[in-house]
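In: I would like the atomic coordinates for the input below:
(one chain, ligands or ions: 1)
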Amino acid sequence: MRELAQLPLDKAAFREKYGPWAVIAGASEGTGECYARELAEMGINLVLVSRRQPALESLGEALKAEYGIDYRVLAQDLTEDGAGLRIVAAAAGLDIGLYISNAGADGFASFFEDSTDAAHRLVRMNISTLIDAANGFGKGFLARCQNGQGRGGIIVMASGAGLGGQPNLVLYSATKAFEINFAESLWAEYHERGIDVIGIAAPIMRTPTLLRMVPEGFDVSDVYDPADVTHNALAGLLAGEPLQIIPDGPGQEKQPQVLADRKERLVGFVEFNKMFTGG
Ligand SMILES: NC(=O)c1ccc[n+]([C@@H]2O[C@H](COP(=O)([O-])OP(=O)(O)OC[C@H]3O[C@@H](n4cnc5c(N)ncnc54)[C@H](OP(=O)(O)O)[C@@H]3O)[C@@H](O)[C@H]2O)c1
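Out: Next up, the predicted model:
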């Protein structure tokens, strides 16, 4: 698989800041399972959300046996109206410090030839559910006040497809662009108040969803290991970064500069905004 240098991660500091409970939307396999494993290893309890309850239960039981964590599961289709509100409700009474918006993949499609039903489902999963869940958990992070600062984090699994348009991925690219701007904007608004938010412009990774999606014979030897990407996402969150772009696809050699330019612009807007808010 393609190499990705692993960023350092202070696990005790991570648990202190984002524990004792985390919520993963899309947790049963792929990158969601990778997040669950690394968080459980750090001793963080988990609310596991996806459509297949038995898969969530068996993952939760395995992590409980291996790491001694507690877990809760919610069988919920993220493309349904009100899914984000139901995730927040399912975590009621728990001290949640981290929300991971993970599921969000889509297959290749031709926009004009297809109906818009699938497009609206993707909008609900990648936009409406994310808005409601982030808003609900973010209110909780503000309330976990320490020295006038909030405490908590949000990871938004986006995609390099969100950095610009792509054929046959019209809605995927558009909703991933929403996710990236959403994460950057929340970072700009809240990172000085103790709440961390990071968008991950993820590269092609060897997940079960990808393997189901690619045509027979597609060479998956040169794709990334999802556990490497999710580890760096956790490290990037704690490091206070707004965005990670993992080099991938045409023009990938320019992506470090794209990342630096986006950060510079965002930091500039944080200062610019203070003229209006008096901050
Ligand atoms: N894999 C890649 O190459 C790649 C590349 C760039 C970005 N990404 C991004 O990385 C994230 C994870 O990707 P992935 O490849 O692991 O596939 P994914 O299909 O987005 O995520 C799989 C996980 O999400 C759950 N899930 C999928 N659809 C769901 C729905 N409608 N409602 C509730 N849960 C749902 C699945 O469990 P259930 O089946 O139990 O519901 C599974 O646990 C996505 O946001 C994707 O856009 C992936």
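
In: Around the ligand, pick out the residues from the stretch 1-150 of the chain.
Out: By Cβ under 6 Å from any ligand atom, the residues of the stretch 1-150 of the chain that approach the ligand are 26-32, 50-52, 55, 77-79, 102-105, 125. Every C-beta, even on glycine, is put in place using the N, C-alpha and C of the backbone.

In: Quick one: low-confidence residue ranges for this structure.
Out: Filtered on pLDDT under 70, the chain yields the residue ranges 146, 148, 279.

In: For it, which segments count as helices?
Out: Secondary structure of the chain by DSSP state H: the helices cover 11-18, 30-41, 53-67, 83-90, 117-123, 129-143, 170-190, 208-213, 226-238, 255-277.

In: Neighbours of residue 9, how many?
Out: Residue 9 has 17 neighbours, counted by other Cβ atoms under 10 Å.

In: From residue 163, how far out is it?
Out: Between residue 9 and residue 163 the distance is 25 Å, computed by Cβ to Cβ, to the nearest Å.

In: now do residue 123
Out: 19 Å.

In: Tell me which of these two has more neighbours.
Out: Neighbour tally, residue 123 and residue 163, criterion other Cβ under 10 Å: the higher count belongs to residue 163, 22 against 17.

In: which ones are touching that one?
Out: Residue 163 makes contacts with 177, 180, 201, 245, 255, 258, as judged by Cβ atoms under 8 Å, 6 or more residues apart in numbering.

In: Let me know whether the fourth one touches residue 261 as I believe.
Out: The reference is to residue 245. No. Residue 245 is beyond contact range of residue 261, at 10.8 Å (criterion: Cβ atoms under 8 Å).

In: Compare these two (neighbour count), which wins?
Out: residue 245 (23 against 11).
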